[in-house]
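Colleague: Sequence and predicted structure are below.
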Amino acid sequence: MTTVALKPATMAQALGRALRDAMAADPAVHVMGEDVGTLGGVFRVTDGLAKEFGDDRCTDTPLAEAGILGAAVGMAMYGLRPVVEMQFDAFAYPAFEQLISHVAKMRNRTRGAMPLPITIRVPYGGGIGGVEHHSDSSEAYYMATPGLHVVMPATVSDAYGLLREAIASDDPVVFLEPKRLYWSKDSWNPDEPPAVEPIGRAVVRRSGRSATLITYGPSVPVCLEAAEAARAEGWDLEVVDLRSLVPFDDETVAASVRRTGRAVVVHESGGFGGPGGEIAARVTERCFHHLEAPVLRVAGFDIPYPPPMLERHHLPGVDRILDAVGRLQWEAQS
Amino acid sequence: MTVMEQRGAYRPTPPPAWQPRTDPAPLLPDALPHRVLGTDAAAQVDPALLRRLHTELVRGRRYNVQATALTKQGRLAVYPSSTGQEACEVAAALVLEERDWLFPSYRDTLAAVARGLDPVQALTLLRGDWHTGYDPHEHRVAPLSTPLATQLPHAVGLAHAARLKGDDVVALALVGDGGTSEGDFHEALNFAAVWRAPVVFLVQNNGFAISVPLAKQTAAPSLAHKAVGYGMPGRLVDGNDAVAVHQVLSEAIAHARAGGGPTLVEAVTYRIDAHTNADDATRYRGDSEVETWRGHDPVTLVERELTERGLLDEAALQAVRDDAEAMAADLRERMNQDPVLDPMDLFAHVYARPTPQLLEQESQLRAELDAEADGSLGAGPHGPEGAGR
């Protein structure tokens, strides 16, 4: 029996490989956006695609996000499967009208006659020392819009598998790529990319018995680190990686919280009106009689994304998560 | 060393020679809108085209009148009339080949109908029983777009995709004068020109964006002048002259089909009715202005030409009017029937694969409908036929 040598790959490389494989598998897949061609994207995710598939399949567009997404709508109407890049989270905002008024609704308003299989890749989130408009966590806007799927990988394998699933999906998918994980590495065999189940399944990244950390995207490694640190305090934490906010995997989340009886939602976007409120409500509705404490949230502060020199105070880190875990000893307080 | 010598030592290299990318002169529109009817050129117009335009204009006018009446009877939630603009609507539909695509705005129901859509299906959005009443692929008419100018980049993308696939397809996108102020107008024209996409933009400049007149909308010499900034030709046409609009659009479409890229056409016209039935146009314009434009009516212009050339006698005119009347009667009768709606359709087309959350909500509604049907069979707002599948 031969052992396949696993090579370390970065998330950016895995995303690029997913785009390449999707383009090779289906001539309808077109990659487009600002700087995706000759430059290979500012994060090099699209590196080599224009060379391999030509400018018509991997297109440098004018600098105009509404135009990029609006043109993608027309291309999808004609049977293509556009994958557009928004370069940075806050740069996607000019495209919001196209996203919300057309991309999310076209299937619905045409009663299924005109689905739009568009993947919108958004490098998102903080922690890379970017100046303002380069670090927003915009998932709450997307998840509040019916008709969109909202997906975010946290591992190299998921980056590949979920992006392939997103491109194959007949529905529009907002694919949020955690920027600070682009250079995270994982042992990965690019010759045998892992199979991933369809979008919408959460995964238990670490089993535990005392409480569940519910998280996604850039906060997954932070939660795993917190879970390791919590062992010293006698806490055995379970970490659930949602992988997808829409659809939401109530089953996996509720099953975990019923086992552990306690839950903390962790994300770096703001807490007020953020995903954590929705998640906490869903958990409470399903697990009320199993809960030993209220569902707590550890989120970014409700402030505009701070300048790089202060961002470490904003982003939920291990200490803040451990502090919340400590507060789960509810009966001692009440 | 003198100061001059020092300067000489630090003299910067001169900038590289600059050349304009495109000669702007051929892109500029003519000073006056292109006209055919009422000029010597009208004698050359093919009688068959004149008759075709006339028939469609009369039908179009009748359609506008009928739809407006239906709003008064509560059968339509709202109707943005295109009375006065029928020449643009009809020409837009007639210049397209079957394989081409039309991208209408909310005021362009008539263009969709002239392209062959069922008049009732074209009104589905405005009636309020669903958002789009037709399969856009069937007649290659995109859904009527309510947000302004957002359909323009779609037209660009579709035309671009068709060309990538090697298909000989042109997209024609309609927008109003107000829509030219939107960012999507700019982005669409820029994309189209850079990609040399086979797309034609028709601005129906009807003078007002609801109540705001053109002078408060733009400082450009004309809307057609905007084209030169994108590197595409701008054309100005009398939007009430159906023959002129047909000619200018046909040329633009032939240009696009031959690989020449996009054209921006501005049709100067006038909205005779209010913005919609919910608008009071007397607050922002005077009767005399409206009357002036009534004197330049698109239906009358064609009718006069046909009559003067002896191509339309009383019997032929009556036949055209009877045909329009029959269309209106059929529309009236079918619109007076209550649409049968299935509430479960609310969930049918949100996603290809419904989320678990939507499946739960679907079950909830089904249970509510079942309870409603059990409790009061035959009564209630939906009645038994609406309650289940």
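Modeller: Looks like it arrived, so ask away.
Colleague: Point out the residues in the stretch 251-389 of chain B that sit beside chain A.
Modeller: Selection of the stretch 251-389 of chain B residues close to chain A by Cβ under 8 Å from any Cβ of the partner chain yields B:Asp345, B:Ala348, B:His349, B:Val350, B:Tyr351, B:Ala352, B:Arg353, B:Thr355, B:Pro356, B:Gln357. (Each C-beta comes from the backbone N, C-alpha and C, glycine too.)
Colleague: Show me where chain A has its strands.
Modeller: Assignment of strands within chain A using DSSP state E yields the ranges A:7-10, A:29-33, A:58-60, A:81-85, A:119-124, A:149-151, A:173-178, A:185-188, A:203-206, A:211-215, A:237-241, A:244-246, A:263-270, A:296-300.
Colleague: nope, chain B is what I meant
Modeller: If you assign secondary structure with DSSP E, the strands in chain B sit at B:101-103, B:171-176, B:199-205, B:208-209, B:212-213, B:234-238, B:263-268.
Colleague: Pick the most deeply packed of the ones you listed.
Modeller: With neighbours defined as mean count of other Cβ atoms under 10 Å in any protein chain shown, the strands of chain B peak in mean count at strand B:199-205, which reaches a mean of 31.
Colleague: Check which helices and strands that strand sits against.
Modeller: helix B:86-94, helix B:151-164, strand B:171-176, helix B:183-195, helix B:242-257, strand B:263-268 (3 or more Cβ pairs under 8 Å, 6 or more residues apart in numbering or on different chains; DSSP states H and E).
Colleague: and residue 261, what does it touch?
Modeller: In the absence of a named chain, chain A is used. A:Ala211, A:His290, A:Leu291, A:Glu292, A:Ala293 (Cβ atoms under 8 Å, 6 or more residues apart in numbering or on different chains).
Colleague: hmm, I had chain B in mind actually
Modeller: Under the criterion of Cβ under 8 Å, 6+ apart, the contact partners of B:Gly261 comprise B:Ala192, B:Ala193, B:Arg196, B:Ala197, B:Pro198, B:Met232, B:His255.
Colleague: For the fifth one, which non-adjacent residue is spatially closest?
Modeller: Going back to what we said before, that points to B:Pro198. Counting by Cβ to Cβ, 6 or more residues apart in numbering or on different chains, B:Ala256 is the residue found nearest to B:Pro198 once chain neighbours are left out, at 3.9 Å.
Colleague: picking that back up, now compare the residues of the stretch 251-389 of chain B next to chain A and name the two farthest from each other.
Modeller: Largest separation among these by Cβ to Cβ: B:Asp345 and B:Pro356, giving 19.6 Å.
Colleague: right, is stretch A:276-290 up against chain B?
Modeller: No - residues of stretch A:276-290 contacting chain B under Cβ under 8 Å from any Cβ: none, with a closest distance of 9.0 Å.
Colleague: where along chain A do the helices fall?
Modeller: Using DSSP state H, the helices assigned to chain A run over residues A:11-25, A:49-53, A:65-77, A:96-97, A:106-109, A:139-143, A:156-168, A:219-230, A:250-260, A:275-287, A:311-314, A:318-327, A:330-333.
Colleague: does the fifth one come close to chain B?
Modeller: Yes - on the criterion Cβ under 8 Å from any Cβ, helix A:106-109 is in touch with chain B at A:Met106, A:Arg107, A:Asn108, A:Arg109.
Colleague: ok, back up a step: of the contacts of B:Gly261, grab the buried ones for PyMOL.
Modeller: Restricted to the buried members of those, where burial is judged by 16 or more other Cβ atoms under 10 Å in any protein chain shown, the PyMOL selection command reads as follows:
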select buried, chain B and resi 192+193+196+197+198+232+255
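Colleague: Now tabulate the contacts of B:Gly261 in JSON lines and tack on pLDDT and distance to A:Arg44.
Modeller: Shown next, in JSON lines, are these (pLDDT from 0 to 100; distance: Cβ to Cβ, whole Å):
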{"residue": "B:Ala192", "pLDDT": "98", "distance to A:Arg44": "30"}
{"residue": "B:Ala193", "pLDDT": "98", "distance to A:Arg44": "30"}
{"residue": "B:Arg196", "pLDDT": "98", "distance to A:Arg44": "29"}
{"residue": "B:Ala197", "pLDDT": "98", "distance to A:Arg44": "29"}
{"residue": "B:Pro198", "pLDDT": "98", "distance to A:Arg44": "34"}
{"residue": "B:Met232", "pLDDT": "98", "distance to A:Arg44": "34"}
{"residue": "B:His255", "pLDDT": "98", "distance to A:Arg44": "40"}
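Colleague: Can you list the low-confidence ranges for the stretch 1-150 of chain A?
Modeller: Along the stretch 1-150 of chain A, the parts satisfying pLDDT under 70 run over A:1-6.
Colleague: residues in the stretch 201-334 of chain A within reach of chain B, list them.
Modeller: Counting by Cβ under 8 Å from any Cβ, the stretch 201-334 of chain A comes close to chain B at A:Val246, A:Pro247, A:Phe248, A:Asp249, A:Asp250, A:Glu251.
Colleague: Emit the PyMOL select command for whichever of those are buried.
Modeller: Buried residues among these (16+ other Cβ under 10 Å), as a PyMOL selection:
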select buried, chain A and resi 246+247+248+249+250
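Colleague: Pick the one among the residues of the stretch 201-334 of chain A next to chain B closest to A:Thr38.
Modeller: Distances from A:Thr38 to these, taken as Cβ to Cβ, are shortest for A:Val246 (34.1 Å).
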